[in-house]
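Trainee: My questions are about this predicted structure, shown below with the sequence.
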Amino acid sequence: MNFFDTDFHCHILPGIDDGAADVKESVELIKMQLSQGVRNIVATPHYRKHEMSVEKFIKRRNEAYNKLINSGAFEKFPRIMLAAEIALERDLCVTKGIEQLANQRMNTLLIEIPYEGYRKWMSEEIEEIAYRTKKQIIIAHLDRYIDIFSSSDYNDILNIPDAFFQFNTSVFCKWKTKKMLKPFINDDYPIVFGTDCHNCSSRKPNFDLMLKHLKNYEPNYNVRMLFNAKP
């Protein structure tokens, strides 16, 4: 398990969110990921605290996972780690059981900032979540906000203590987002990648783009330590 074979963000579990519609599509997505070099998958279905409790979400997530695993589609599945893409909301930090949505293998919580104008409370809420849960925070698809966040907005986010930053592998598809990523590479930020795949057509896996563009990349020290963390 390492940086170059782990998809940190994807929606492959069947029928739980706007990702894979059923087991058949889940299997096809996994086959695509495997063909692109993925061997470890962090399954991150959407969690929104205003929609359901953590307890109910985990029950639904486990049901979807078991349906996939028991499908008989593979003799041996790749490693699938259960987590969530957690929508950032006010007072998320006091949500009962929020720490249970962590990737237990790596002790990480994937947090999705709202796709709207940046507000100071967002960084403050993330810091409070990290403090209360004692989990490593990963901020989801930082490249997605390139058209709505200013430089000062990004600076605030980058100054969140000990945060990791996840980029979608589609960052390599456009000159603008590739340019955005370059300082993160050059300045040795703690970054990880995920396909954020949802389906087999418009949002299919493209993990091979990362492997192509970063074949000589040396991950940040803290990222390397993340893979060595005890579960």
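Mentor: Structure's in. What do you need? This is a predicted model, so every value here is computed, not measured.
Trainee: Distance of K212 relative to T177?
Mentor: K212 sits at a distance of 15 Å from T177 (criterion: CB to CB, to the nearest Å). Quick note: C-beta positions are derived from backbone N, CA and C, even for glycine.
Trainee: out of these two, which sits in the more crowded spot?
Mentor: Neighbour count, other CB atoms under 10 Å: between K212 and T177, T177 has more, with 18 against 12.
Trainee: Surely that one is in a helix?
Mentor: Yes - judged by DSSP: H, G, I helix; E, B strand; the rest coil, T177 forms part of a helix.
Trainee: Any stretches of the chain with poor pLDDT?
Mentor: 230-231 (pLDDT under 70).
Trainee: One more pass at 80, please.
Mentor: 229-231 (pLDDT under 80).
Trainee: And the helices in it, which stretches?
Mentor: 23-35, 54-69, 120-133, 151-158, 175-186, 207-213, 221-228 (DSSP state H).
Trainee: In TSV: the ones you listed, plus distance to P45.
Mentor: Below are these laid out as TSV (distance: least, CB to CB, whole Å):
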stretch	distance to P45
helix 23-35	11
helix 54-69	6
helix 120-133	18
helix 151-158	24
helix 175-186	25
helix 207-213	19
helix 221-228	21
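Trainee: Which residues are in contact with F74?
Mentor: 27, 30 (CB atoms under 8 Å, 6 or more residues apart in numbering).
Trainee: meant to ask about A84
Mentor: 44-47, 57, 61, 101, 110.
Trainee: For the residues you listed, which single residue is the most surrounded?
Mentor: T44 leads those on contacts (other CB under 10 Å) with 31 neighbours.
Trainee: Correct me if wrong: that one contacts I12.
Mentor: No - look at T44 against I12 with CB atoms under 8 Å: they stay out of range, at 9.1 Å.
Trainee: Around the nearest residue to R60 once chain neighbours are set aside, count how many other residues there are.
Mentor: Distances taken as CB to CB, 6 or more residues apart in numbering place I16 nearest to R60, at 5.7 Å, with adjacent residues excluded. As a burial measure, I16 scores 20 neighbours (other CB under 10 Å).
Trainee: Tell me how far I16 lies from L82.
Mentor: From I16 to L82 the distance is 11 Å (CB to CB).
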